[in-house]
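J.: make a model of this:
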Amino acid sequence: MDKKPHILYKNRICNDNCSGSSNSQELFDDKVREASNSQDSFEEQSYNFIQLKQEIFRLKQHDLILKVNKIKTSIEQQIKNDTTKTVNLENVIDLFIKSQARMQ
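T.: Below is the predicted model:
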């Protein structure tokens, strides 16, 4: 593309309004000023990367805690199910031994 972004943007605004009047020019100028102001304020901001890193770590930690709690709950439920099965199997074995003892 040979055209600069602001020219393409101006052409798009003119095409959208289909009038080519000064209103579209004013709209374009307002948008350019708005973009310029937001870019200037963006460049003037200072960033605390240590704080950002800590916040990312905190969010990841929170996400991992939720996953660990979900896995813990799943494991506890599986242990409960396996314990119930073991107790039932123990009762079956006891009945089998008692029935074998009576037959002898």
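J.: rest of the way, CA atoms for contacts and neighbours
T.: Noted.
J.: low-confidence regions, the chain specifically.
T.: Residue ranges of the chain with pLDDT under 70: 1-22, 36-45.
J.: and the helices in it?
T.: Under the criterion DSSP state H, the chain carries helices at the ranges 5-17, 22-44, 49-103.
J.: any idea how many residues pack against residue 58?
T.: Residues lying near residue 58 (other CA atoms under 10 Å) number 12.
J.: from residue 103, how far out is it?
T.: Residue 58 sits 67 Å away from residue 103, going by CA to CA, to the nearest Å.
J.: just residue 92 next, same as before
T.: From residue 92 to residue 103 the distance is 17 Å (CA to CA).
J.: quick one: which of these two has more around it?
T.: Neighbours around residue 92 and residue 103, counted as other CA under 10 Å, are more numerous at residue 92. The numbers are 12 against 7.
J.: residue 25: neighbouring residues, count only.
T.: With other CA under 10 Å as criterion, residue 25 counts 15.
J.: just the CA atoms of stretch 49-58, as CSV, please.
T.: Taking C-alpha atoms only, stretch 49-58 is exported to CSV below (Å, rounded to 0.1, in the frame of the first residue of the first chain):
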residue,chain,number,x,y,z
PHE,A,49,6.7,-3.9,35.0
ILE,A,50,7.5,-5.4,38.4
GLN,A,51,3.9,-4.8,39.5
LEU,A,52,2.7,-6.2,36.2
LYS,A,53,4.8,-9.3,36.6
GLN,A,54,3.5,-9.7,40.2
GLU,A,55,-0.1,-9.3,39.0
ILE,A,56,0.4,-11.9,36.3
PHE,A,57,1.9,-14.3,38.8
ARG,A,58,-1.0,-13.7,41.2
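J.: what residues sit buried inside it?
T.: Using 16 or more other CA atoms under 10 Å as the test for burial, stretch 49-58 gives no buried residues.
J.: distance check, residue 62 against residue 75.
T.: 20 Å.
J.: walk me through the domains of this structure.
T.: As recorded under automatic domain parsing, the domains making up the chain are 1-45, 48-104.
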